[in-house]
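Participant: below is the structure, and that's it, no one-letter string:
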C-alpha cells in the first residue's frame, strides 16, 4: 500500500509540475527570450529537481508508516483517516499550481523571500488575494479536479487495505529513504542544477517548494559565512579610501570606522521642512518624464518641470522595507532581510536623529497599519513620531493595505499644521499604499476605475493623489518653507532574464522647493541611500555619521558613482558600466552593462570592483551586527 500510495501521489505531483512548467514557459518565456529550443532542457532539469524534492515530500509519510501500529491498517477508521489524508494531499497539490503561477506572474520568480515575508502576515495577504482574484472560483475548480483525481487514486489505494499484509513496520524501507534524505541535504541545493545564464530559465526549471524552503532557511543569513569576504582591516581600508574621495572628512584616522563629518555651508537653503512622499511601486518605467508614452503620470510630468529631476535614480531592492531602510539610514542592502525587520535594529544611525540635533521634529506617516513589516517598531525605536492608519480619522476609502493616498495626504497636511505651529522645522516620511493589488480606488477619479484597472490604474491613481497634494499643500503656511521629495520605494515588478535586472530598479526622484530650487535635470547616477545626504547638503547643515550615502550635488562628483542593489539572494554594485554580483556560496561574477539597451554580458571578473562591492556589504553587515552603525 505504501509504495502504491507513494507512486500515485508522486506521479500526480510530477505530472502537475511538468504542466506548470510548460505554462510558465508559454506565459513568461518569450519576454525573457526563453526559446522553444530551451524547453527540453528546462523540462528535463525540472523533472530532476521535482524528483529530488519528492524524496523530501514523501519522508513524512514514511515516518508515519513507522509510527502507526501495523494492526491499524486493517481497521475501517484508519481507512477513513487515510482517505481524508489522500484527499487533502491531492487538494494541496492542485491548489499549489495556480498559487505558483500567480506568484511568478507578480515577481518573475519561484517562491522567494517575498513569499516568506507574506507568510508572516497571513491576514493582509489572504484579504489581498481575496480582493485581487476570484478565489471562490479557484477553490471550486480545485475541488472538482481533486475529486476527479481522488476517484482515480483512492480505489487503487483502498484495495491495499484488503490485499496487503501489514504485520511489521517498514524499517528497511525507512532507513533507505531517510539515508537518501540526508544524502540529498548534503549534496544538492535549490540552485545546484541552475544551468543557464538566463535567470528566467533557471527559475522555470526550479522547484517551487524547494525554493520556498530555501528562502525560509536563508531569510537572515550571516554575511561572512555565505558571501565573499576580505580581511576586516582590508575591507574597512578600501571603504574608507573610497568614501573619503566622495566627500566629508573621516572622523577617525585609523580603525574599523567609516564615520565622516561634513561641514555646513552658508550657501545652503537653511532649516527648511523636509517632506518625503514615498510612492508605492512607482517605477520609472511608468512615468512620462522618464520616457513612458502611455500618459499615466500627467501630474508628475508637469511637476518635474518645476523642480530638480534626477534622471538616473535607483532603488536598492524590491520591497518597501528596502526603500525605507535606504532612505532613512543610508545603509547598503545587505543580503536577505532588511534591517527594518532584523533584531537589534534600535538606536541605529538614521537621518531623523541627525535632524533632531538641528531641532527638527521627525515623523513617519503610513497609510497602513504600522505593525506590518515591523515599521512602527523600527521607526519608533529610532526616534520618529508615528502616525498610521489608526490615526486617520477621515477615511473616505480603504482596502486591506491601507487608506487611499488622498486620505493619507490630507491627514499628513493636517498633521503638519499641528507640528509647525510653533515654527519648529520638521522632517517627515510619508509611505503610501494605494498602488498595490487589489488595485481598488475611490469613486470618481478620472481614468481610474474603482476596481479591475490593474497596475496602470494604480499608477494613474498615485499620480492623481500627488497632483491633489501639490494643489492643496500651497494653501498651508508650512509649504513655502519646505523641500518636498517625490520618490518611489521600488519598481512594481522586477523581472528579466539577467541575474540582477538592473533596469527594473530605476525609480523617479523629484525634489521641489517653491521659489528656491531652479528647475532642471541631473543625470548623475543616484541611489536611495544618497537621497538624504543630498537633501541635507542642499540645506547646508553640518552632520557627522557612518552613512554610506553621498551628496551628489557637490562639485566634480562622479556621474557614474556606484549604486548598490539587492535581488533575491544576490547583492550587486553597479559601477560605471559594469555590474559586480556577489552570491551565495561566496560566488562572484562581473557583467558588462549597457544602460541604453539594458543588455548584460558576463565578462572576466573585475577584481578591484568586486573587492569594493565586498567591502560595502561586509562592512555594513559587521557594523550592524555589532551595533556599531550608530551616531557618536
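Facilitator: Now that the structure is in, tell me what you want to look at. Source: prediction; values computed, not measured.

Participant: and residue 232, how many neighbours does it have?
Facilitator: Counted with other C-beta atoms under 10 Å, the neighbours of residue 232 add up to 13. All C-beta spots, glycine's among them, are computed from the backbone N, C-alpha and C.

Participant: quick one: contacts for it?
Facilitator: 256, 618, 622 (C-beta atoms under 8 Å, 6 or more residues apart in numbering).

Participant: find out how far the host helix or strand of the last one is from the centre of the chain, if you would.
Facilitator: Counting by DSSP states H and E, the element that carries residue 622 is helix 607-625. Between the mean C-alpha point of helix 607-625 and the mean C-alpha point of its chain there is a distance of 21 Å (C-alpha atoms, centre = their mean, to the nearest Å).

Participant: how about stretch 304-315?
Facilitator: Here the centre of stretch 304-315 is set off from its chain's centre by 23 Å, with C-alpha atoms, centre = their mean.

Participant: now do that stretch: distance from first to last residue.
Facilitator: End-to-end distance for stretch 304-315: 19 Å, by C-alpha to C-alpha, to the nearest Å.

Participant: follow-up on the earlier one: most neighbours of all the contacts of residue 232, which one?
Facilitator: Most neighbours among those, by other C-beta under 10 Å: residue 618, with 27 neighbours.

Participant: next one: it from residue 251, what distance?
Facilitator: 21 Å (C-beta to C-beta, to the nearest Å).

Participant: outline the domain layout of this structure.
Facilitator: With domains defined by automatic domain parsing, the chain comprises 2-217, 232-530+554-625.

Participant: remind me, longest helix of this structure?
Facilitator: In the chain, assigned by DSSP state H, the helix with the most residues is helix 76-107.

Participant: tell me which residues in it are buried?
Facilitator: 79, 82, 86-87, 89-91, 93-97, 100-101, 103-104, 107 (16 or more other C-beta atoms under 10 Å).

Participant: can you name the element that comes right after that helix?
Facilitator: For helix 76-107, the succeeding helix or strand toward the C-terminus, using DSSP H and E, is helix 113-119.

Participant: which elements pack onto that next one?
Facilitator: helix 208-217 (3 or more C-beta pairs under 8 Å, 6 or more residues apart in numbering; DSSP states H and E).

Participant: where does the protein have low pLDDT?
Facilitator: 1-3, 70, 73-74, 160-168, 218-220 (pLDDT under 70).

Participant: isn't residue 8 up against residue 156?
Facilitator: Yes. Using C-beta atoms under 8 Å, residue 8 is in contact with residue 156, at 6.5 Å.

Participant: of the two, who's got more company?
Facilitator: residue 8 (18 against 13).

Participant: can you tell me how far residue 246 sits from residue 240?
Facilitator: Going from residue 246 to residue 240 by C-beta to C-beta gives 11 Å.

Participant: of those two, which one has the most company?
Facilitator: Per other C-beta under 10 Å, whichever of residue 246 and residue 240 has more neighbours is residue 240, with 22 against 19.

Participant: and that one, helix, strand or coil?
Facilitator: For residue 240, the secondary-structure state derived from DSSP: H, G, I helix; E, B strand; the rest coil is helix.

Participant: I figured it was touching residue 259, is that so?
Facilitator: No. Using C-beta under 8 Å, residue 240 is not in contact with residue 259, being 9.7 Å away.

Participant: who touches both of these two?
Facilitator: Contact criterion C-beta under 8 Å, 6+ apart; residues shared by residue 240 and residue 259: residue 250.

Participant: which residues in the stretch 151-300 of the chain form helices?
Facilitator: When assigned using DSSP state H, counting those that start in this stretch, the helices of the stretch 151-300 of the chain occupy the ranges 171-187, 199-205, 208-217, 223-226, 232-245, 298-303.

Participant: make a markdown table out of those helices and add distance to residue 400.
Facilitator: Formatted as a markdown table, the helices of the stretch 151-300 of the chain follow (distance: least, C-beta to C-beta, whole Å):
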| stretch | distance to residue 400 |
| --- | --- |
| helix 171-187 | 38 |
| helix 199-205 | 28 |
| helix 208-217 | 23 |
| helix 223-226 | 34 |
| helix 232-245 | 42 |
| helix 298-303 | 26 |
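
Participant: need the winner for burial among those.
Facilitator: helix 199-205 (a mean of 25; mean count of other C-beta atoms under 10 Å).

Participant: for it, packing partners?
Facilitator: Against helix 199-205 (3+ C-beta pairs under 8 Å, 6+ apart) you get helix 2-28, helix 39-57.

Participant: quick one, which of the ones you listed gets closest to residue 468.
Facilitator: Closest to residue 468 of these, according to C-beta to C-beta: helix 2-28, at 36.2 Å.

Participant: quick one: buried residues of the closest one?
Facilitator: Applying 16+ other C-beta under 10 Å to helix 2-28 flags 2, 5-6, 8-10, 12-14, 16-17, 20-25, 28 as buried.

Participant: which helices and strands does it pack with?
Facilitator: Partner elements for helix 2-28 (3+ C-beta pairs under 8 Å, 6+ apart): helix 39-57, helix 59-67, helix 76-107, helix 135-163, helix 199-205.

Participant: who wins for proximity to residue 474 among these?
Facilitator: Nearest to residue 474 among those is helix 76-107 (37.7 Å), distances taken as C-beta to C-beta.

Participant: which strands or helices does the closest one pack on?
Facilitator: Helix 76-107 packs on helix 2-28, helix 135-163, helix 208-217, going by 3+ C-beta pairs under 8 Å, 6+ apart.

Participant: now the angle from the shortest one to helix 2-28?
Facilitator: The reference is to helix 208-217. Angle, helix 208-217 to helix 2-28, by axes from the mean of the first three to the mean of the last three C-alpha atoms, to 10 degrees: 90 degrees.

Participant: which strands or helices does helix 208-217 pack on?
Facilitator: helix 39-57, helix 76-107, helix 113-119.

Participant: with distance to residue 64 as new columns, can those helices be given to me in JSON lines?
Facilitator: Converted to JSON lines, the helices and strands packed on helix 208-217 look like this (distance: least, C-beta to C-beta, whole Å):
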{"stretch": "helix 39-57", "distance to residue 64": "13"}
{"stretch": "helix 76-107", "distance to residue 64": "9"}
{"stretch": "helix 113-119", "distance to residue 64": "25"}
